[in-house]
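> Quick one: sequence plus predicted model below, questions after.
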Amino acid sequence: MSQIKISIANPIIEDEEIEEVVKVLKSGMIAQGPKVEEFEKEFAEYVGTKYAIATSSGTTALHTALLSAGVGNITGELIEKDNIDEVITTPFSFAATGNTILHAGGKPVFVDIDKETYNLDPSKIEEAITDKTKAIMPVQLYGQPAEMDEINKIAKKNDLVVIEDAAQAHGAIYKDRYVGNLGDLACFSFYPTKNMTTGEGGIITTNNEDYAKLARKIRAHGESKRYEHDILGYNFRLTDIGAAIGLAQLKKLDGFNSNRIANAEYLNEKLADIDGIKTPVKGKDSKHVYHQYTIKIEKGNRDDWVEFLNENGIGTGIHYPIPIYKQILYKNLGYNDKLTNTEDVASKVLSLPIHPSLTKEDLDEIVRVLKLANDKL
């Protein structure tokens, strides 16, 4: 097999990040400390919320946000089966979207996706609401905001909390507001492949002081005061080392996103006449920041396209090949959903390199190989 020449992801760590980490290491404060507090303040200002609570990962951010919103319980008591809180979400996402609902003691209820944007379809939400529904958790998939106005309208009508899974959408905008400031709470991931990174890490954003206070307590073993534990908490803290990287990356985020968007627009133009693929559809009233550039294979078998691209040096990814409800864990829990759009999209999507460090030559090579694939497959 040929060596991959153009990778699917390429985290950009430069001198600024290294220098900030060295400063933290020399300071002696390498766990959660002043850099985390500074990072929280700057990230909240960036998305336009009053509060931000940094965590050890995007997964722990989601877990904490769900608990803060009242899903499950933080008392340590077992939840009776008939009283389990339900959270409506998408099955077309990374497994953490569903798993964190389980972690919190809730039950994921999966609703089908829009066949164009691949985000949660608002028109299918209300039929899934029961008297046990506590929240709606849309995913801002691939860097594109969901139809948040419709989702918020349904939530308000039914007295539900809206938690954005914004793990892939740093800097995305919906109707002049940043993702992270579109629901009651939002959660971001700073995994190395994301639009910005802290190495590993996450953050919760909210305008609700009660949620913010509770989230801070949950991430620190449920402490109200030193060695006084009121609730069942966890060690979900970010380090100052990670926050130092995040502060440097946050300053570059808009530049990173501009490059991603320019790369996507170039690919959209050059790939428009290839009949075997469907290029990404941008939702109305939104700024898509292309964490992933994901095409849909309309001709032949996706595995053949993957093999051909890889053999010609182009890295690829499949985000995501298996709906969450089809994972073994969920089958063992009794899930037997069959959602038409989700299963069709999951069988055909293919992500291409889109990261900010791509050159025009890289983009042209991606186009060339895709055209060859379309002719041969």
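The structure has been received and is ready for your questions. Residues are numbered from 1 along each chain as shown.
> all contacts plus neighbour counts: C-alpha atoms, from now on.
OK.
> Do you know the pLDDT at M1?
pLDDT recorded at M1 is 50.
> go on, L214?
As summarised for this prediction, L214 has a pLDDT of 97.
> give me the number of residues near it?
L214: 20 surrounding residues under other C-alpha atoms under 10 Å.
> Return the residues in contact with it.
With C-alpha atoms under 8 Å, 6 or more residues apart in numbering as the criterion, the residues that contact L214 are S68.
> which element is it on?
For L214, the element it lies in under DSSP states H and E is helix 209-218.
> And for D275?
With DSSP H and E as the criterion, D275 is inside neither a helix nor a strand.
> Enumerate every residue touching it.
Listed by C-alpha under 8 Å, 6+ apart, the contact partners of D275 are E298, K299, N374.
> ok, and the most crowded of those residues?
Note: the member of the contacts of D275 with the most neighbours is N374, at 16 neighbours, neighbours being other C-alpha under 10 Å.
> Domain parsing of this protein, as residue ranges.
Structural domains of the chain, as assigned by automatic domain parsing, span the residue ranges 15-247, 253-376.
> quick one: the first one to chain centroid distance?
Read it as domain 15-247. Using C-alpha atoms, centre = their mean, to the nearest Å, we find the averaged C-alpha position of domain 15-247 to lie 9 Å away from the chain's own average C-alpha position.
> on that earlier part again, CA atoms only for the helix holding L214 - export them in PDB, please.
The C-alpha atoms that make up helix 209-218 are tabulated as PDB, following Å, rounded to 0.1, in the frame of the first residue of the first chain:
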ATOM      1  CA  GLU A 209     -25.000  30.800  36.900                       C
ATOM      2  CA  ASP A 210     -26.600  27.800  38.600                       C
ATOM      3  CA  TYR A 211     -25.400  25.400  35.900                       C
ATOM      4  CA  ALA A 212     -21.900  26.900  36.000                       C
ATOM      5  CA  LYS A 213     -21.600  26.600  39.800                       C
ATOM      6  CA  LEU A 214     -22.800  23.000  39.700                       C
ATOM      7  CA  ALA A 215     -20.500  22.100  36.800                       C
ATOM      8  CA  ARG A 216     -17.500  23.500  38.700                       C
ATOM      9  CA  LYS A 217     -18.400  21.400  41.700                       C
ATOM     10  CA  ILE A 218     -19.000  18.200  39.700                       C
END
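> list the buried ones in the helix or strand following that helix?
Under the assignment DSSP H and E, the closest C-terminal helix or strand after helix 209-218 is strand 223-225. Counting neighbours by 16 or more other C-alpha atoms under 10 Å, one finds that the buried residues in strand 223-225 are E223, S224.
> quick one: contacts of whatever helix or strand comes next after strand 223-225?
On the C-terminal side of strand 223-225, the nearest following helix or strand under DSSP H and E is strand 228-229. Applying C-alpha under 8 Å, 6+ apart, the external contacts of strand 228-229 come out as H221, G222, E223.
> Contacts for the lowest-mean-pLDDT helix or strand in the chain, please.
Of all the helices and strands that make up the chain, strand 223-225 has the lowest average by mean pLDDT, DSSP states H and E, namely a mean of 91. Taking contacts as C-alpha under 8 Å, 6+ apart, the residues outside strand 223-225 that touch it are K217, H229, D230, I231, G233.
> who does it pair up with?
In the sheet containing strand 223-225, its partner strands are strand 228-229 (antiparallel), by DSSP bridges.
> if we can go back for a sec, which among the contacts of D275 gets closest to A104?
Within the contacts of D275, the smallest distance to A104 is 38.6 Å, found for E298 (C-alpha to C-alpha).
> confidence score at Y234?
Reading off the model, Y234 has pLDDT 96.
> Identify the spatial nearest neighbour of it, chain neighbours not counted.
If the residues on either side of it in the chain are set aside, Y234 comes closest to H221, at 4.3 Å by C-alpha to C-alpha, 6 or more residues apart in numbering.
> who are the neighbours in contact with that neighbour?
Residues touching H221, when contacts are defined by C-alpha under 8 Å, 6+ apart, comprise H229, I231, L232, G233, Y234, N235.
> bridging residues for the first one?
Pointing back at H229 there. Note on H229: beta-bridge partners by DSSP bridges are E223.
> what's the pLDDT at it?
94.
> what are the ranges of the helices in the stretch 151-300 of the chain?
Read by DSSP state H, counting those that start in this stretch, the stretch 151-300 of the chain holds these helices, from start to end of the chain: 209-218, 240-271.
> Of these, which is nearest I18?
Using C-alpha to C-alpha, those put helix 240-271 closest to I18, at 7.6 Å.
> Report the mean confidence score over that closest one.
For helix 240-271, mean pLDDT is 98.
> And for stretch 277-297?
For stretch 277-297, mean pLDDT rounds to 95.
> do stretch 97-108 as well
This predicted structure assigns stretch 97-108 an average pLDDT of 97.
> was I right about V109 contacting V87?
Yes. With contact taken as C-alpha atoms under 8 Å, V109 and V87 are classed as touching, separated by 5.8 Å.
> which one of these two has more residues nearby?
Of the pair V109 and V87, V87 is the one with more neighbours under other C-alpha under 10 Å, namely 28 against 22.
> does that one really touch G105, like I thought?
No. Using C-alpha under 8 Å, V87 is not in contact with G105, being 10.5 Å away.
> for the helices of the stretch 151-300 of the chain, which one sits closest to A52?
helix 209-218 (7.4 Å).
> Buried residues, that closest one. List them.
Across helix 209-218, burial judged by 16+ other C-alpha under 10 Å covers Y211, A212, L214, A215, R216, K217, I218.
> Ok, stretch 119-134 next?
Those would be N119, L120, D121, P122, I125, I129, T133, K134, for stretch 119-134 by 16+ other C-alpha under 10 Å.
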